[in-house]
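Participant: turn this into a structure:
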Amino acid sequence: MIEKKLEGKVALITGAAQGIGKAIAERFVCEGASVIIADLLHEKAEKVAKELSKNQRTLAVKTDVSLSRDVENLFSIVRREFGRLDILVNNAGILIKGPFLDITEEIWDKTMAVNLKGPFLCSKSAAELMKGTGGGRIINITSIDGAVVYHHGHHVPYGVSKAGLIMLTKIMAVELAHFNINVNAIAPGVVRTEIAAGSMSNSAHLEKVLGEIPLDRLADPEEITGAAVFLSGSDSSYMTGSTIFVDGGWTTH
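Facilitator: Presented below is the predicted three-dimensional model:
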């Protein structure tokens, strides 16, 4: 029998109604974890939870991660239904494109609220729960945009928020280490998701993007899940504060 790497674990994944988050939820269930799907797209989240519940206990909770009241409600449900949390994946994020001079304060604030404040709020609540049950894992889904400038599109607040998330990962890793909470990040390259679909449908734009990727292709969401399983399991027990780039080689240059 093949060993399930997350057998008996309880995992919470934000933004898991679609894209990378959904793929991670599916993989975690296959690895034996119970999964809570927190997403504003509640109907989609319910559908994913229902599909996955055939193999493992799952739960969908409508959540806006940028609102403290929603995060508090989410974690009260986690405590009531599961009593513990072993893994948090901060995946929820938004991308609003526009040239630097056209970015409004509203766009900036909204992006930071979801992409950076959301992981901060969720991680605080998760850490409080984890430290009372012996520790856990926090995984932040950042981006290559957090390390290099994506000059084929206007990703101003998105890139800054993802860079901030890499630093938040390092700071939390240091401060939460004595609670046996490991904090790491995954930085995907360009992945075939709903967010990327629009720009990648433009053949000229796609050709430019592929020119940056040594593997000469986009990633499928499932190709990000291996890193998530690794960072959630025993094989990464001595890793904290690190960012794994799953980018087809983009950041080699």
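Participant: wait, Ile213 touches Trp250, no?
Facilitator: Yes. The pair Ile213 / Trp250 is scored as a contact, 5.5 Å apart, by Cβ atoms under 8 Å. For the C-beta atoms, the positions are set from N, CA and C on the backbone; glycine is no exception.
Participant: any common contacting residues for these two?
Facilitator: Common contacts of Ile213 and Trp250, defined by Cβ atoms under 8 Å, 6 or more residues apart in numbering, comprise Gly189, Val190.
Participant: neighbour count: these two, which is higher?
Facilitator: Trp250 (21 against 17; other Cβ atoms under 10 Å).
Participant: run a quick neighbour tally on Lys44.
Facilitator: 16.
Participant: could you find the closest non-adjacent residue to it?
Facilitator: In space, and not counting its chain neighbours, Lys44 is closest to Ala17: 3.8 Å by Cβ to Cβ, 6 or more residues apart in numbering.
Participant: just Gly19 next, same as before
Facilitator: With Cβ to Cβ, 6+ apart, the residue lying closest to Gly19 is Thr193, at 3.7 Å.
Participant: count of neighbours near that neighbour?
Facilitator: Thr193, neighbours per other Cβ under 10 Å, totals 20.
Participant: and if you look at Ser76?
Facilitator: Ser76: 12 neighbours (other Cβ under 10 Å).
Participant: again, but for Leu101
Facilitator: Neighbour count for Leu101, taken as other Cβ under 10 Å: 7.
Participant: sec struct for it, please.
Facilitator: helix (DSSP: H, G, I helix; E, B strand; the rest coil).
Participant: and what of Ile36?
Facilitator: Classified using three-state DSSP, Ile36 is strand.
Participant: and if you look at Ala185?
Facilitator: Looking at Ala185 with three-state DSSP, the answer is strand.
Participant: cheers, nothing more for now.
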